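K.L.:
Please find the sequence and the predicted model below.
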Amino acid sequence: MELRTTSTLRAHWQGSITASTAWKMILDIRQGREVEALTIADDGGWQSYAKVTAEARQLFDIYLPLVSRAGDQPLVIAQMGQTLDGRIATVDGRNELINGPAGLIHLHRLRALVDAVVIGASTAIADDPLLTVRHVEGPSPVRVVIDPSGRVPGGQRLFRDGCARTLQLCIDAASSCSGSAVPDLAGASSGCGVSGVLATLQARGLKRVLIEGGGTTVSRFLEAGVLDRIHVTVAPMILGSGKPSFSLSEISSIDAAVRARTRRFSLEQDTLFDLEFCRH
Ligand SMILES: NC(=O)c1ccc[n+]([C@@H]2O[C@H](COP(=O)([O-])OP(=O)(O)OC[C@H]3O[C@@H](n4cnc5c(N)ncnc54)[C@H](OP(=O)(O)O)[C@@H]3O)[C@@H](O)[C@H]2O)c1
């Protein structure tokens with residue numbers, strides 16, 4: 001994505017690119033619009049002849065790799081907001097105070113950059129979440145609930161509020177489920193259901209997908225080997241009990257651990273780990 005760097009444009013950018021300008025530019029790039037003053041490589045590496053504040057610099061570093069690929073290329077990213085001991089909620093499912101305000105804003109930025117946000121049935125029931133973009137500027141994605149047996153009540157807010165489209169994916173759409181049938185959700189193996197979910201979304205033009213949680217759902221996508229990235233936002237606290245983040249098949253050697261190219265960012269008191277997997 002080569003951009004113009006004429007002296008006229010240079011004059012236009014006499015001030016600095018601030019965080020709010022940077023976020024608008026990222027949204028524009030996401031929509032396929034040209035932006036001035038920025039040269040971006042396919043891997044999200046960037047250069048600018050304008051002055052860029054430290055906050056704006058961090059936004060470019062975190063989010064340009066998510067929007068710099070050609071517009072029609074699929075992206076599957078997962079997120080997890082967890083404690084130092086790998087918990088995403090208390091035993092009874094409370095999670096709202098794990099990450100600080102910057103972690104919450106980060107989650108909303110991720111939602112704004114995808115076509116669809118996916119959660120598992122247990123999160124839909126425990127949190128009754130909206131899954132819309134409210135803490136930053138940007139469009140809300142289509143909301144997707146993986147609900148094999150149709151156990152999520154129709155009264156949950158994301159089915160009623162009309163703020164964005166919602167898809168409920170069940171084994172059999174003719175059952176109590178109001179959404180689409182994905183027959184392979186019936187299988188028992190760890191990666192099962194994942195390809196059916198992605199194929200169903202792709203068929204609807206939803207190519208950029210955020211797997212938001214909970215731990216079971218993210219783990220199934222990770223184990224199936226379909227993730228391009230995971231953003232793990234770690235809060236400096238220890239719960240000592242509660243719902244786990246990642247649960248994968250047992251391994252007998254540390255060599256078999258999941259590893260990825262990793263970058264780290266500070267989100268106020270939280271630390272964001274951006275793990276990039278090589279799938280291609
Ligand atoms: N901190 C965070 O970032 C964060 C984010 C989201 C949620 N949470 C918390 O996470 C907790 C819930 O997490 P959880 O791990 O217990 O459950 P979950 O991931 O929300 O839901 C798991 C359920 O979703 C269905 N499912 C998901 N993927 C599937 C697949 N590929 N194939 C078939 N079925 C699939 C299954 O439903 P069936 O059981 O009906 O088969 C599965 O048992 C809640 O307390 C919530 O507050 C935390």
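P.N.:
On my side now, so go ahead.
K.L.:
Which residues of the stretch 1-150 of the chain lie near the ligand?
P.N.:
For the stretch 1-150 of the chain, the residues in contact with the ligand (C-beta under 6 Å from any ligand atom) are 80-81, 88-89, 93, 95, 98, 119-123, 126-127, 146, 148-149. C-beta here means a position set from N, CA and C on the backbone, and glycine is covered the same way.
K.L.:
buried subset of those residues?
P.N.:
Neighbour-count burial (16 or more other C-beta atoms under 10 Å) is assigned, among these, to 80-81, 88-89, 95, 98, 119-123, 126-127, 146, 148.
K.L.:
Please name whichever of the residues you listed scores lowest on pLDDT.
P.N.:
Within the set of those, pLDDT is lowest for residue 95 (83).
K.L.:
helix/strand/coil for that one?
P.N.:
Secondary structure, DSSP: H, G, I helix; E, B strand; the rest coil: residue 95 is coil.
K.L.:
That one and residue 107 touch, don't they?
P.N.:
No. Using C-beta atoms under 8 Å, residue 95 makes no contact with residue 107, being 11.4 Å away.
K.L.:
which residues are in contact with both of the two?
P.N.:
By C-beta atoms under 8 Å, 6 or more residues apart in numbering, residue 95 and residue 107 have these common neighbours: residue 81.
K.L.:
For the stretch 101-250 of the chain, which segments count as strands?
P.N.:
Along the stretch 101-250 of the chain, counting by DSSP state E, counting those that start in this stretch, strands occupy 116-120, 142-146, 166-170, 180-181, 208-213, 229-235, 243-244.
K.L.:
Compare those and say which comes out lowest on pLDDT.
P.N.:
Here the strands of the stretch 101-250 of the chain differ in mean pLDDT, and the lowest is strand 180-181 at a mean of 76.
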